[in-house]
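Engineer: From the sequence below, what's the structure:
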Amino acid sequence: MQALRWHGVKDLRVETIREPEVQKGQVKIKVEACGICGSDLHEYAAGPIFIPEGAPHPLTNEQAPIVMGHEFSGQIVEVGEGVSSLQIGDRVVVEPIFACGKCAACKQGKYNLCDKMGFLGLAGGGGGFSEYVSVDVNMVHKIPSSLSYEQGALVEPSAVALYAVRSSQFKVGDRAAVFGTGPIGLLVIEALKASGASEIYAVELSEERRNKAEELGAIGINPAEKDAVQEIIKLTNGGVDVAYEVTGVPVVLTQAIQSTGIGGQIMIVSIFEREASIHPNQIVMQERNIAGIIGYRDVFPAVISLMGQGYFPAEKLITKRIALGDIVEEGFETLLKEKNQVKIMVSPRP
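Structural biologist: A predicted model of the protein is given here:
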């Protein structure tokens, strides 16, 4: 079968590899759609970050080159021994987290904080940028026929957004600010809408992405034209209840802190590549608090349900569709060059 494998920085190759076999407790999935994630882009441009190189991952026992892709959906074509909850023909999405099940976090049910945590499509185990993948049955969630496969491929990134909102102190009727409206920031806006936000402010330099945020119902703010912090304080008469930092840029973290009101919260959703300095008094003097999340846990069913109600709409978030054979130039390189792109969806077939 054809699959995209990471060999090194700026070295992705569509190659012919063996089709995976289905093992006991697994199902084999024919991939129908897979989105390119920001973490995939980081691995391409500056990796390895999550991809194991030089030593195998402790849970998958794999190392580079590995098959990429973790935002995907498809149809079950084979069921392994011992699997009774799923059957051939089921339409599914995959929650692509590997966890050991034995560490302190796993014993508390916090599998996304596992000491050895890895992502399918980044740590091994196959991936969505291929024709087929075999995965453990506990990683699989069924989707209804009312959702397209492309919509299904958005469940994984949408889970990050919903988990961020659920993990914050946000309450129905609160006001929120989202700093950075790339794919995850836009999905956070959708999660806030679904959670009952009264006002959502979107701070974004890119006109195209800011326009997309406004299309989804947010109030756009261009930080190149206005002081974003002062504008939010003025419009909210004191600051938002929760600010979501989705850029990974140190100076933006400070802006997110300053945009919240008394007792406000800053939820860090992004991964930072370098240290960010903040003044503790900005937290202390307003009794603010800072929290962060990594990935998600226990939210896939809720995301699928919300999609059935029209949230996280694929037609507004997918900006380009390509075939697997074109993924490097038309996918990864396009995302590096064109900031108007939101989500590029890949089909493993022509």
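
Engineer: Distance-wise, check the residue in the chain sticking out farthest from the centre relative to Gly238.
Structural biologist: When distances to the mean C-alpha position of the chain are computed (C-alpha atoms, centre = their mean), the maximum falls on Met285, with 33.3 Å. Relative to Gly238, Met285 is positioned 14 Å away (criterion: C-beta to C-beta, to the nearest Å). For glycine as for every other residue, the C-beta is placed from the backbone atoms N, C-alpha and C.

Engineer: again, but for Leu147
Structural biologist: Relative to Gly238, Leu147 is positioned 40 Å away (C-beta to C-beta).

Engineer: again, but for Thr247
Structural biologist: As defined by C-beta to C-beta, Thr247 lies at a distance of 23 Å from Gly238.

Engineer: Neighbour count for those two, which is higher?
Structural biologist: Ranked by neighbour count (other C-beta atoms under 10 Å), Thr247 and Gly238 place Thr247 first, with 23 against 12.

Engineer: all strands for the stretch 151-300 of the chain, in order.
Structural biologist: Listed in chain order, the strands of the stretch 151-300 of the chain (DSSP state E, counting those that start in this stretch) span 175-179, 199-203, 219-221, 240-245, 260-268, 289-292.

Engineer: Let me have those in CSV, extended by mean pLDDT and mean neighbour count.
Structural biologist: Below are the strands of the stretch 151-300 of the chain laid out as CSV (pLDDT from 0 to 100; neighbours: other C-beta atoms under 10 Å):
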stretch, mean pLDDT, mean neighbour count
strand 175-179, 98, 29
strand 199-203, 98, 25
strand 219-221, 98, 19
strand 240-245, 98, 28
strand 260-268, 98, 21
strand 289-292, 98, 14
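
Engineer: so which strand or helix has Arg321?
Structural biologist: The secondary structure element spanning Arg321 is strand 318-323 (assigned by DSSP states H and E).

Engineer: And the helix or strand just after that strand, what's buried?
Structural biologist: Tracing the chain C-terminally past strand 318-323 and defining elements by DSSP H and E, one meets helix 333-337 next. Buried positions in helix 333-337, judged by neighbour count with 16 or more other C-beta atoms under 10 Å: 334-335.

Engineer: how is this structure carved up into domains?
Structural biologist: 2-154+312-347, 162-292 (automatic domain parsing).

Engineer: For stretch 137-148, what is the distance to the chain centroid?
Structural biologist: 17 Å (C-alpha atoms, centre = their mean, to the nearest Å).

Engineer: List of residues touching it?
Structural biologist: Outside stretch 137-148, the residues within contact range by C-beta atoms under 8 Å, 6 or more residues apart in numbering are 25-27, 29, 73, 76, 80, 83, 85-86, 90-97, 120, 151-152, 155, 300-301, 304, 307-308, 314.

Engineer: ditto for stretch 209-217
Structural biologist: Contacts of stretch 209-217 with the rest of the structure, by C-beta under 8 Å, 6+ apart, involve 178, 181-182, 185-186, 189-190, 193, 200, 202, 204, 220-222, 316, 339-340, 342.

Engineer: Tell me who's in contact with the residue most central in space within the chain.
Structural biologist: Averaging the C-alpha coordinates of the chain gives a centre point, and the residue nearest to it by C-alpha atoms, centre = their mean is Pro157 (3.0 Å). Each residue near Pro157 by C-beta under 8 Å, 6+ apart is listed here: 35, 37, 71, 183-184, 187, 343.

Engineer: do you know how far it is from Ile318?
Structural biologist: Distance from Pro157 to Ile318, counting by C-beta to C-beta: 11 Å.

Engineer: joint contacts of the two?
Structural biologist: Taking C-beta under 8 Å, 6+ apart as the contact criterion, the residues that touch both Pro157 and Ile318 are 35, 343.

Engineer: ok, back up a step: give me the buried subset of the contacts of stretch 209-217.
Structural biologist: In these, burial by neighbour count holds for 178, 181-182, 185-186, 189-190, 193, 200, 202, 204, 220-221, 342, counting by 16+ other C-beta under 10 Å.

Engineer: Which neighbouring elements make contact with the worst-scoring helix or strand of the chain on mean pLDDT?
Structural biologist: For the chain, using mean pLDDT, DSSP states H and E, the weakest element among its helices and strands is helix 38-46, scoring a mean of 93. Helix 38-46 makes packing contacts with helix 333-337 when contacts are defined by 3 or more C-beta pairs under 8 Å, 6 or more residues apart in numbering; DSSP states H and E.

Engineer: and with 10 Å instead?
Structural biologist: Helices and strands touching helix 38-46, as assessed by 3 or more C-beta pairs under 10 Å, 6 or more residues apart in numbering; DSSP states H and E, comprise strand 2-8, strand 11-16, helix 155-167, helix 333-337.

Engineer: Check these for me and report the most buried one.
Structural biologist: Using mean count of other C-beta atoms under 10 Å, the stretch among the helices and strands packed on helix 38-46 with the greatest mean number of neighbours is helix 155-167 (a mean of 25).

Engineer: chain center to that one: distance?
Structural biologist: On the basis of C-alpha atoms, centre = their mean, helix 155-167 is displaced by 8 Å from the centre of the chain it belongs to.
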